[in-house]
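[1] This is a predicted model, with the sequence first.
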Amino acid sequence: MEVGKTLWIIILIKLVVIFLILRIFFFKPELSSYDSDEQKASHVIENLTKLP
Amino acid sequence: MLLSSLVDASRLQFALTAMYHWLFVPLTLGLGILIAIFETKYYRSGDESWKKLTQFWSRIFAVNFACGVATGIILEFEFGTNWSNYSWFVGDIFGAPLAIEGIFAFFLESTFFAVMYFGWNKVSKGFHLLSTWLTAIGANISAYWILTANGWMQNPVGVAFNPATARNEMTDFWGIVFSSTTLSKFSHSVMSGFLVAAIVVIAISCWYLKKKRNKEFSMRSIKYAGFFGLFAIVMLMVTGHSSAVTVAKTQPMKLAAMEGLYRGENGTPLVGVGLLNPKKEWNNDEDPYLFHISIPKGLSFLANMDFDSYVPGINDIIEGGYKYVDKNGEEKTAISFQEKVERGNMARRALALYGQHKDNPDTLVKNQVLSQAQQYLDENFEYFGYGFLKDPKESIPNVPVTFYSFRIMVMLGGYFILFLLVCLWMWKKKIIENKKWFIFIAIVSVPLVYICAEAGWIVAEVGRQPWTIQDLLPVQASVSGVSSGNVWTTFIIFAVLFTTLLIAELKIAFNQIKKGPEGIKWN
Ligand code: HEM
């Protein structure tokens, strides 16, 4: 196989794994469960002030 | 216990991804520039052998680029998922440089890379050359923005903390972009990329000489890579020194750990070679070293450009009381760990108070409490992160890892000066092809230069523990509420993904090297 083609296949597989598998199933940003910035801020303030 | 295992798993995962990512990056930074120099020679001379040379090294560049591209994105995913408190807390400081990197530099690099790769015989010679230069420069500009983000974590300047949102807000964009930490990190890391590229080019060329093929091609490559590498290693010494000066000002604990220094003095020596005493703790009287050979007053000079200056050790930093010049140039007396913890706790309590009262319907009480809380925060925020620490031990990075990594980097740096000088001398005498030992050393130098560059990052990152943001946020306060099981699963996926990519890169690259410059057909 031409090396160019091999490299394209590697890039595509990698992008699929990163964006369609890892991003969707494993890397949900924790704060995305909150709707507003105020809620996110309150959550973080709570974490930063209640930790032991 | 649970928290600490989550922190450790998240740190290990981040370390794995960052270190694998850095296996792909340095070659892109340096080889891009070397290729642009080769193509400029072709453009000026019209000599087809320069074109062949450019095309061959571009092929190696393409293999590395294809395998490495987007591996850094995973680090950004990890910020959001595993380090959500941190991601929120840094606000737009981290987002802005990374967005500029993504939009500007990455697209510049990728677009012109496509022209560089597919454009031979399709666009004019001049435009092709321009694209090659822009690809190389784009990669280096990308690095600048990433290192701006990293530099800010090590030296958080140019921001104000907003307690209403619990985020840091940018007050001085240029102060962040041109902070001394960013500048020294950028120059030092880019030069390490140049050195990596020089060593890879020399090693592959030496292999051709051993096989008695592509002699003219190899000798030319060795000449240019040799001088390029020599320039890089000299600059690495210079920028390494300026990095140490910056670290001394902004992260004295890191410098002390790099040296295994527990008690400082005026005219502190620099440990050249040494073996740490594993029984040494900050609070016992064991000797820090089992054995060491030191350069008198060397550390004082490396850190402060003054042979007689004072460099604090780990115990001095914990106890405080010594005089130092802060990053704004003001002379101050260092406060102790305990005082820092108290001030950090005050800042944390003020933030809690602010959080409780920011929606208080009684405006009078609200205004009073918020203004009081704001005042406490203003006075103590610089020690915010210490409010999460209890034991002085928690403020000390892993001394052996930092100490030995620093020595590996610097000693290999010395080795590469010698290697490049010998290489250029042998190139001039045209004797490399008969010297099997040298060819062997050249090939072994490839893993060594990668080890050297990785060791540099270990010094920079392990040495700054426990901080994700220096003095403001330690690792245990930065993590999210994800389960450590989840982190381990993704750790294994990454390990498999990256190892596969690395094997693919090596296999394809070896294949291309075997085919050689004569095996290249461009469209
Ligand atoms: C020979 C003298 C050298 C000195 C005095 C030196 C000094 C330093 C210092 C002090 C740091 C930590 C900077 C920080 O934490 O902010 C560092 C980091 C680093 N070093 Fe070196 N270094 C030298 C050689 C090298 C060589 C030969 C390479 C690579 C091939 C290298 C690659 C790196 C890298 C990649 C980093 C991490 C990025 C950074 O923080 O700049 N260094 N070096």
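    Sure, I can see it. Numbering: from 1, shown residues only, chains lettered A, B, ... in the order given.

[2] quick one: the helices in chain A?
    Here chain A has its helices, by DSSP state H, at A:3-15, A:37-50.

[3] Apologies, that question was intended for the stretch 301-450 of chain B.
    Secondary structure of the stretch 301-450 of chain B by DSSP state H, counting those that start in this stretch: the helices cover B:314-319, B:337-357, B:363-380, B:399-429, B:436-462.

[4] okay, those, which one's buried deepest?
    Each of the helices of the stretch 301-450 of chain B was scored by mean neighbour count; the highest is helix B:314-319, a mean of 21, by mean count of other CB atoms under 10 Å in any protein chain shown. Any C-beta I mention is one placed from the backbone N, CA and C, and that applies to glycine too.

[5] Keeping just the C-alphas, turn it into PDB.
    Extracted C-alpha coordinates of helix B:314-319, given in PDB (Å, rounded to 0.1, in the frame of the first residue of the first chain):
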ATOM      1  CA  ILE B 314      13.700  22.400  51.300                       C
ATOM      2  CA  ASN B 315      13.900  23.000  55.100                       C
ATOM      3  CA  ASP B 316      14.500  26.700  54.600                       C
ATOM      4  CA  ILE B 317      11.400  27.000  52.400                       C
ATOM      5  CA  ILE B 318       9.400  25.100  55.000                       C
ATOM      6  CA  GLU B 319      10.700  27.200  57.900                       C
END
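
[6] outside of that helix, which residues touch it?
    B:252-253, B:256-257, B:261-264, B:282, B:322, B:334, B:336-337, B:392, B:395-396, B:399 (CB atoms under 8 Å, 6 or more residues apart in numbering or on different chains).

[7] what's the spacing between it and its chain's center?
    With CA atoms, centre = their mean, to the nearest Å as the basis, helix B:314-319 stands 26 Å off its chain's centre.

[8] Need the nearest residue in space to B:Glu265, chain neighbours excluded.
    Leaving out its chain neighbours, the residue that sits closest to B:Glu265 by CB to CB, 6 or more residues apart in numbering or on different chains is B:Tyr310, at 7.0 Å.

[9] Contact residues of the stretch 301-450 of chain B facing chain A?
    Within the stretch 301-450 of chain B, the positions near chain A by CB under 8 Å from any CB of the partner chain are B:Arg348, B:Arg349, B:Leu351, B:Ala352, B:Tyr354, B:Gly355, B:Phe388.

[10] Adding pLDDT and distance to B:Gly485, write these out as a markdown table.
    Below are these laid out as a markdown table (pLDDT from 0 to 100; distance: CB to CB, whole Å):
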| residue | pLDDT | distance to B:Gly485 |
| --- | --- | --- |
| B:Arg348 | 95 | 30 |
| B:Arg349 | 94 | 34 |
| B:Leu351 | 95 | 31 |
| B:Ala352 | 93 | 31 |
| B:Tyr354 | 91 | 35 |
| B:Gly355 | 88 | 31 |
| B:Phe388 | 95 | 24 |
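
[11] tell me the two of the residues you listed that are most distant?
    B:Tyr354 and B:Phe388 (17.5 Å; CB to CB).

[12] Stretch B:431-447 near the ligand anywhere?
    No: interface with the ligand: stretch B:431-447 contributes nothing (CB under 6 Å from any ligand atom), its closest point being 10.8 Å away.

[13] thinking again about what came up before, kindly state the beta-bridge partners for the residue nearest to B:Glu265.
    With DSSP bridges as the criterion, B:Tyr310 is bridged to B:Asn266.

[14] Could you pull up the contacting residues of it?
    Per CB under 8 Å, 6+ apart, neighbours of B:Tyr310: B:Gly264, B:Glu265, B:Asn266, B:Thr268, B:Ser300, B:Tyr322, B:Lys323, B:Tyr324.
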